[in-house]
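Asker: No sequence on hand, only this structure:
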């Protein structure tokens, strides 16, 4: 990555980490994907139960592979063969030690923004797993809440709708149409502005473009 972009990201990350601290959340900065992976594994003790909510960023830094191949109890809902098995895996996830996630966008003073269709991801961010680890590329950090919400709705949502092959207006236009389509993935909007429980939410900011 260009050294000037890296310097900007380092400075912005420090501001964001201070913002997270003021909101009772813990932030870290990783200069590379490898550093991000190392930091995540430092936070997660071996033997922990771990689940996740479709976080592409966790895939991209190699965290999912490391958890699956390591000494961890990975609760994998994708292995479920029936709706009943999938529901059981999702319910088991609420009692996990760690939930791996990313965010659709966040502000540079530490507010996390997420949009969800089935709502399992946003509900686990709110409650359930003992700790939540966010892997967030610096491409998702916005100047204010309005900018973060616009990014979530006009960048992340259309790309995810296209990725899942959904028949939503945004999948065709590339921007939010504030639809009520049966396929909409914009069912629940979550802004995490404060964590009442210290040491529960950890955010690893990565000097890279990750996720959507």
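Answerer: It's in. This structure is a prediction, so every number in the text was calculated from the model and none was measured.

Asker: From now on I want contacts and neighbour counts done on CA atoms only, so please keep to that.
Answerer: Noted.

Asker: for the chain, what's the longest helix?
Answerer: If you go by DSSP state H, the chain has its longest helix at helix 3-22.

Asker: Can you list the helices and strands that the host helix or strand of residue 151 packs against?
Answerer: Taking DSSP states H and E as the criterion, residue 151 maps to helix 145-151. The helices and strands touching helix 145-151, judged by 3 or more CA pairs under 8 Å, 6 or more residues apart in numbering; DSSP states H and E, are strand 105-107.

Asker: what's the spacing between the helix or strand of the chain with the lowest mean pLDDT and its chain's center?
Answerer: Ranked by mean pLDDT, DSSP states H and E, the weakest helix or strand in the chain is helix 83-93, scoring a mean of 90. Centroid separation for helix 83-93 versus its chain: 20 Å, with CA atoms, centre = their mean, to the nearest Å.

Asker: same deal with stretch 112-119?
Answerer: 9 Å.

Asker: now swap in stretch 71-84 and tell me
Answerer: The answer for stretch 71-84 is 19 Å, by CA atoms, centre = their mean.

Asker: i'd like the first residue to be 33 from this point on
Answerer: Okay, using 33 as the starting number, the last item reads as stretch 103-116.

Asker: Would you mark the buried spots in that stretch?
Answerer: Of the residues in stretch 103-116, 104-109 count as buried by neighbour count, 16 or more other CA atoms under 10 Å.

Asker: Where strands are concerned, which of the residues you listed count?
Answerer: Of the buried residues of stretch 103-116, the ones assigned to strands by DSSP state E are 105-106.
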